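1. coords below, sequence missing:
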């Protein structure tokens, strides 16, 4: 009689850019009962075995006793047993001379040493080790490895036959991921987001991204609130847990499922939003590139603007008006009417050409699951659509699309490929795959990139974005508030 046993492969480790492990596999044990070897007439032995195993493994003794009646050589009692429990089992087997009635097989358990840290990027695995979210799911075929097999032979009385009848195919461990994420930068981003959520009473979580503008490397990406990937099926938000517990029992399962899906969702790539005034840097780039305006171009803001005769007026956030201002001043004041004016100078066709070139009509293709498609008006948009889109309203994009466009404005005009995995390597350090950092296209000229960056640097020094200024660094930035 042949018996085929699966040998588990060790899942690959996920490292940050400095080779600090963020997800790794630790050795655990599978406890297997072989009731075929148990003397069914020895009631004392069966009771001792059942109560002993139940005590050590936290199982039901009566259930184990019933399973000792079977004739199988392979009845899995428990998986993912930690080493301290395994040691108690070994002692129990030896003290009671239980021989091969209980077998221990090496297995692996996924472990995230920093808890909720970077959880929406890393994701988590299921009970059988497959990736279910985040990088664990996206790169599952590389991380999972290939299970091995052990085929053994038993003779007619159930005894192991000699070694030459045994065949073993070794498991092949999974490959490792080396991320672009910097654990230190990620830490500070998460800390800042937690403060932001607390101070601003955020209701639908917060997200932030740090990107290398020249390479597309994601140096940090975080979402708060998040979850602990060591216990992904526990709702992390205590208030939400309490709310669900008060629901009628028939509604709890659906509510729990919705809450879990929400906490696993990576807001940076899966949620769309109105970018608001941050988008003005894109309109500004279009206007300078197309020569419809220069830094000295002036416009008089009266507090509102009527883009289409007979249609309603669109207000500036400063309802009393900014007066006459240059393009630089209009940007620093984040003046909506000025950017409506720029949009009208560009026209719908040109505006949409650049909107498309900056990557807002397509997914970025970042190596994370669940990236959403943007929602926008195409090139036959109305003049009123053009007016509101010029200052970042009435179309929905993802945060990863917005930062990729920001990178193009900062890096000389080149649209880069955002990515979170730098390399895939084996356990010997051999490179299996490297991220493709090929530039997609040039959207604006290097000269326009420098001009816009200079204006945005002034904005971060003394304009609406001055809270972003950091002494000793050249900071460029644009504030943005989104309206529902």
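-> On my side now, so go ahead. It should be emphasised that the depicted structure is a prediction, and the values quoted were computed from it without experimental measurement. Numbers count the residues shown, from 1 in each chain.
2. what separation is there between the residue nearest the centre of the chain and residue 421?
-> Compute the mean C-alpha point of the chain, and by C-alpha atoms, centre = their mean the closest residue is residue 121, 2.7 Å away. The spacing between residue 121 and residue 421, counted by C-beta to C-beta, to the nearest Å, is 10 Å. To be clear about C-beta, it is placed using only N, CA and C from the backbone, and glycine gets the same treatment.
3. for the nearest residue to residue 215 once chain neighbours are set aside, give me the pLDDT.
-> Nearest non-adjacent residue to residue 215, counting by C-beta to C-beta, 6 or more residues apart in numbering: residue 437, 5.3 Å away. As predicted, residue 437 sits at a pLDDT of 90.
4. check which helix or strand residue 437 maps to.
-> Using DSSP states H and E, residue 437 sits in no helix or strand.
5. was I right about it contacting residue 417?
-> Yes: Residue 437 lies in contact with residue 417 (C-beta atoms under 8 Å); the separation is 6.4 Å.
6. overlap in contacts, these two.
-> residue 216 (C-beta atoms under 8 Å, 6 or more residues apart in numbering).
7. same drill for the two, tell me which one is more crowded.
-> The neighbour count for residue 437 versus residue 417, taken as other C-beta atoms under 10 Å, is higher for residue 417 (18 against 14).
8. please, which helix or strand holds that one?
-> Using DSSP H and E, no helix or strand contains residue 417.
9. once you drop chain neighbours, what's closest to it?
-> Residue 417's closest residue in space is residue 216 (C-beta to C-beta, 6+ apart), at 4.7 Å.
10. show me where the stretch 151-300 of the chain has strands.
-> Along the stretch 151-300 of the chain, counting by DSSP state E, counting those that start in this stretch, strands occupy 167-169, 176-179, 206-211, 218-224, 298-301.
11. other residues contacting the last one?
-> Defining contact as C-beta under 8 Å, 6+ apart, one finds that strand 298-301 is touched by 316, 318, 321-327, 330, 333, 335, 337-338, 341.
12. hmm, back to that, isn't the residue nearest to the centre of the chain right next to residue 266, touching?
-> Yes: using C-beta under 8 Å, residue 121 is in contact with residue 266, at 7.2 Å.
13. which neighbours do those two share?
-> Joint contacts of residue 121 and residue 266 (C-beta under 8 Å, 6+ apart) are 134, 221, 368.
14. wait, what's in contact with the last one?
-> The one in question is residue 368. Per C-beta under 8 Å, 6+ apart, neighbours of residue 368: 121, 134-135, 138, 266, 269, 420.
15. okay, those residues in a markdown table with pLDDT, secondary structure and distance to residue 280 next?
-> Output for those, formatted as a markdown table (pLDDT from 0 to 100; DSSP: H, G, I helix; E, B strand; the rest coil; distance: C-beta to C-beta, whole Å):
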| residue | pLDDT | secondary structure | distance to residue 280 |
| --- | --- | --- | --- |
| 121 | 97 | helix | 29 |
| 134 | 97 | helix | 33 |
| 135 | 98 | helix | 33 |
| 138 | 97 | helix | 33 |
| 266 | 97 | coil | 26 |
| 269 | 98 | helix | 23 |
| 420 | 98 | coil | 28 |
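16. which of the residues you listed lies closest to residue 350?
-> Closest to residue 350 out of the contacts of residue 368 is residue 269 (28.8 Å), distances taken as C-beta to C-beta.
17. which residues does that closest one contact?
-> So residue 269 contacts 364, 366, 368, 370-372, 398-400 (C-beta under 8 Å, 6+ apart).
18. give me the buried subset of those.
-> Neighbour counting by 16 or more other C-beta atoms under 10 Å classes 364, 366, 368, 371-372, 398-400 among those as buried.
19. all helices for the stretch 151-300 of the chain, in order.
-> Using DSSP state H, counting those that start in this stretch, the helices of the stretch 151-300 of the chain run over 183-199, 238-245, 249-264, 267-270, 280-289.
20. just these: most buried one?
-> Stretch with highest mean neighbour count among the helices of the stretch 151-300 of the chain: helix 280-289 (a mean of 25; mean count of other C-beta atoms under 10 Å).
21. what's the mean pLDDT across it?
-> On average, helix 280-289 scores 98.
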